[in-house]
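# what follows is a predicted protein model with its sequence.
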Amino acid sequence: MGEIKSVGILRRRQGLSRETLFERWQTEHAPFVAENGKPARYRITLFGDQADGSEPAYDGLAEMWWRDEQHYDTWFGDNSPRGGDGFYDVLEPRAGGALKASEHVIVDGATTAESEKVVYFVKRRDDVPPDDCFTHWREVHAPNVGAAVERTAGCERYAITHG
């Protein structure tokens with residue numbers, strides 16, 4: 001099957017500040033994941049306030065890439081060390097969950113921690129089969145958005161992830 005991407009959508013427990021969650025995620029949990037899970041790549045996205053100043057429904061997004069199914073299972077399997085640092089104790093149980101996914105990079109550009117990222121969560125209509133939705137997205141929608149990204153100053157990267 002090759003490389004596997006997992007995506008986790010996280011929300012903190014009530015009463016915990018986003019700043020506290022972000023600090024713990026970056027200084028404790030991310031190094032724990034890197035050392036114990038050894039993902040091929042690991043990115044976290046910390047969500048800021050929405051345009052109207054309100055807090056987002058979720059606090060952040062974790063993206064991890066695994067070499068293969070066996071490597072993936074070392075982190076998400078029954079004997080994984082993933083909860084060993086206590087990070088999941090500060091999260092709402094099953095608030096967003098984790099998805100096994102595939103990533104399709106449409107425009108590949110360099111980004112940094114200071115880059116601004118826009119994330120859209122979309123759900124296909126119930127009457128549209130998953131393969132039809134993904135095919136249309138990759139073959140029709142993504143090229144249109146990719147072309148807009150390429151001609152827009154300051155836009156660096158466009159990738160889509162199918163769960």
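Received it, and whenever you're ready, just let me know what you need.
# just checking, what packs against the lengthiest strand in the chain?
Longest strand in the chain, counting residues (DSSP state E): strand 97-107. Secondary-structure packing of strand 97-107 (3 or more C-beta pairs under 8 Å, 6 or more residues apart in numbering; DSSP states H and E): strand 4-10, helix 142-150, strand 158-162. Glycine gets a C-beta too; all of them are placed from N, C-alpha and C.
# pull out the buried positions in the second one.
Of all the residues in helix 142-150, those buried under the rule 16 or more other C-beta atoms under 10 Å are 142, 146, 149.
# could you list the low-pLDDT ranges of the protein?
For the chain, the stretches with pLDDT under 70 are 1.
# tell me where it has helices.
Secondary structure of the chain (DSSP state H): helices at 18-24, 30-36, 69-76, 130-136, 142-150.
# so which of those is nearest Glu63?
Minimum separation from Glu63 across the helices of the chain (C-beta to C-beta) falls at helix 30-36, 11.3 Å.
# so which bits of that closest one are buried?
Under 16+ other C-beta under 10 Å, the buried positions of helix 30-36 are 30, 32-33.
# now swap in stretch 155-163 and tell me
Within stretch 155-163, the residues that count as buried by 16+ other C-beta under 10 Å are 155, 158, 160, 162.
# I'd like the helices of the chain as TSV, with distance to Glu114 appended.
Output for those, formatted as TSV (distance: least, C-beta to C-beta, whole Å):
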stretch	distance to Glu114
helix 18-24	15
helix 30-36	17
helix 69-76	28
helix 130-136	32
helix 142-150	18
